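Engineer: I'd like to go over a predicted model; first the sequence, then the structure.
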Amino acid sequence: MQKALYLSEKSKVQVCSLTEKQKLLVVGDHSKFLTTKDDSNRFEIKSESEFGEDKHAVFLDGLIDRLMKSPLKRKKETRRKGRGIAPLVNAKLTETEIYRVCKLASDSLLKQPSLLVLKRENLPLTIVGDIHGQLKELRYILHACGPPEDMNYLFLGDYVDRGPQGVETLALLLALKVRYPNRVFLLRGNHEDFNTSIIYGFYDECARKFPRDLNQNVYQSFVHAFNCLPFAALICDKVFAMHGGISPDLRSPADVNSIQRPTFIPLAGLATDLVWSDPMSPKEGWAQNPRGISYIFDDSIIDKFCDKNGIDYIVRGHQVNNSMTNSGHFFTPNGKLVTLFSAFNYLNSGNTGGVLQLMAKDNAKIGGQFLLFRPSNKKGPVNGTPRRGTSLTKKRGN
């Protein structure tokens, strides 16, 4: 049984060296990208009649159902040499389906502000960190936590790149967003951008999966959806969530609404920092990020921001290090910021993934619990085995 860990306890986190630099591709005209054992039965979709005369309901339900319930198909090649065979979800999408779900999602996303404000009625809420194109693992998380009728979801970004099924993963999340606009919430990660996804795998994946005369349009449709994603969420005025971290240009959560969408990620500024910055700076205050973009910051910056704005916790994704291998999350030493990484068995490495579930307590406060997903067999097919992890409480020492 894992010992309960409270945010008041200081976590000793060893930050692994960051060797990966972002290779920014300067594009002169971005305007062209501003266009137009699975427990399957647990994740059921309501019939169209229960949603009134929604003309898109049949399409969305069919897409979600297919991506959630398609069987696994073992690939001939492995994800990583010597790590065993990694089965993938056997689901193929057409260009027409991609265009339609991206258009619907873009319209839906732009109806909500750059800062999502979630209230007590949005609880319980499962917060999910990086997925990186691992559709099979995402399905295990959704099966374990429940369908959107029973559970609200906040995804922190990095849905594509590196993993093998970014197209299908993103299509599923966009479809869920459109189908459940007030129960499924998607934030933008640094990989949900033209400059990053064209380098780290997603562009190549689109080129492989769709005909040559169509794959550019498919990719551009996804990029337009990227450009419409919100950047942060404020939960019950006490939990502030984003993909990367806070920014020198951020005085309060409300400043996030100054970001106009649709937009690509610029080379610097508030939007950049929200998806690129990192905690755990060895220096006091702000410092240049070893990634080559944005900043790193220490506990003094976190304390100042949280105290000024009445924030209890900051929840973010964007990083995975050795200390997260068995927990899927780590805390900064002051216990006010937690990093989630949800892609368990990431690139077939056998790591644990974690999600954070927030729920309303009787005393009008927020309680929380980490749910861990561990590969049941590191040498063969991966079955997500969820277990309750550490607790999240409001109690905090100095």
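Structural biologist: That came through, no problem.
Engineer: pull the number of nearby residues for K69.
Structural biologist: Neighbours of K69 under the rule other C-beta atoms under 10 Å: 16. (C-beta placed from N, C-alpha, C; glycine too.)
Engineer: how close does it get to N90?
Structural biologist: Relative to N90, K69 is positioned 11 Å away (criterion: C-beta to C-beta, to the nearest Å).
Engineer: secondary structure element holding the closest residue to F226 other than its chain neighbours?
Structural biologist: Closest residue to F226 apart from its sequence neighbours, by C-beta to C-beta, 6 or more residues apart in numbering: E192 at 4.1 Å. Following DSSP states H and E, one finds E192 outside all helices and strands.
Engineer: thought E192 was touching L229?
Structural biologist: Yes. Counting by C-beta atoms under 8 Å, E192 does reach L229; the two are 5.8 Å apart.
Engineer: now do the contacts for L173.
Structural biologist: Contacts for L173 (C-beta atoms under 8 Å, 6 or more residues apart in numbering) come out as 138, 155, 159, 184, 186.
Engineer: name the residues contacting each of E192 and L229.
Structural biologist: If you check E192 and L229 against C-beta under 8 Å, 6+ apart, the residues they both contact are G157.
Engineer: for the residue nearest to F226, grab phi and psi.
Structural biologist: In terms of degrees, to the nearest 10, the main-chain angles of E192 are phi -90, psi 60.
Engineer: and the strands in the stretch 1-150 of the chain?
Structural biologist: Using DSSP state E, counting those that start in this stretch, the strands of the stretch 1-150 of the chain run over 72-74, 87-89, 115-118, 125-128.
Engineer: L356 should be in a strand, yeah?
Structural biologist: Yes. The assignment for L356 (DSSP: H, G, I helix; E, B strand; the rest coil) places it in a strand.
Engineer: what's the local residue count around the nearest residue to it once chain neighbours are set aside?
Structural biologist: Setting aside the residues directly before and after it, L356 is nearest to I127 in space (C-beta to C-beta, 6+ apart), at 4.4 Å. Using other C-beta under 10 Å, I127 has 28 other residues around it.
Engineer: now the one 10 residues further on
Structural biologist: If you count neighbours by other C-beta under 10 Å, E137 ends up with 24.
Engineer: so it sits right up against G353, yeah?
Structural biologist: Yes. Assessed by C-beta under 8 Å, E137 is found in contact with G353 at 6.8 Å.
Engineer: got any residues that touch both of those two?
Structural biologist: With C-beta under 8 Å, 6+ apart, E137 and G353 have common neighbours 342-345, 373, 384.
Engineer: can I get the buried part of these as one PyMOL selection?
Structural biologist: Applying 16 or more other C-beta atoms under 10 Å to the shared contacts of E137 and G353, the buried members can be selected in PyMOL as follows:
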select buried, resi 342+343+344+345+373+384
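Engineer: out of the shared contacts of E137 and G353, who's nearest F240?
Structural biologist: Checking the shared contacts of E137 and G353 against F240 with C-beta to C-beta, the nearest one is S342 at 18.6 Å.
Engineer: what's the separation between that closest one and H318?
Structural biologist: 12 Å.
Engineer: hmm, back to that, which one of the contacts of L173 sits in the busiest neighbourhood?
Structural biologist: Y159 (32 neighbours).
Engineer: isn't that one up against L172?
Structural biologist: No. Applying C-beta under 8 Å, one finds Y159 not in contact with L172, separated by 9.2 Å.
Engineer: how many other residues sit next to the closest residue to R183 other than its chain neighbours?
Structural biologist: Nearest residue to R183, sequence neighbours excluded (C-beta to C-beta, 6+ apart): P148, at 4.4 Å. Neighbours of P148 under the rule other C-beta under 10 Å: 20.
Engineer: cool, K73 as well?
Structural biologist: 10.
Engineer: check H243 too.
Structural biologist: By other C-beta under 10 Å, the burial measure for H243, its neighbour count, is 26.
Engineer: and it, backbone torsions?
Structural biologist: phi -80, psi -50.
Engineer: use 7 as the first number from now on
Structural biologist: New numbering, starting at 7: the last item is H249.
Engineer: I'd say it and L162 touch.
Structural biologist: Yes. Assessed by C-beta under 8 Å, H249 is found in contact with L162 at 5.1 Å.
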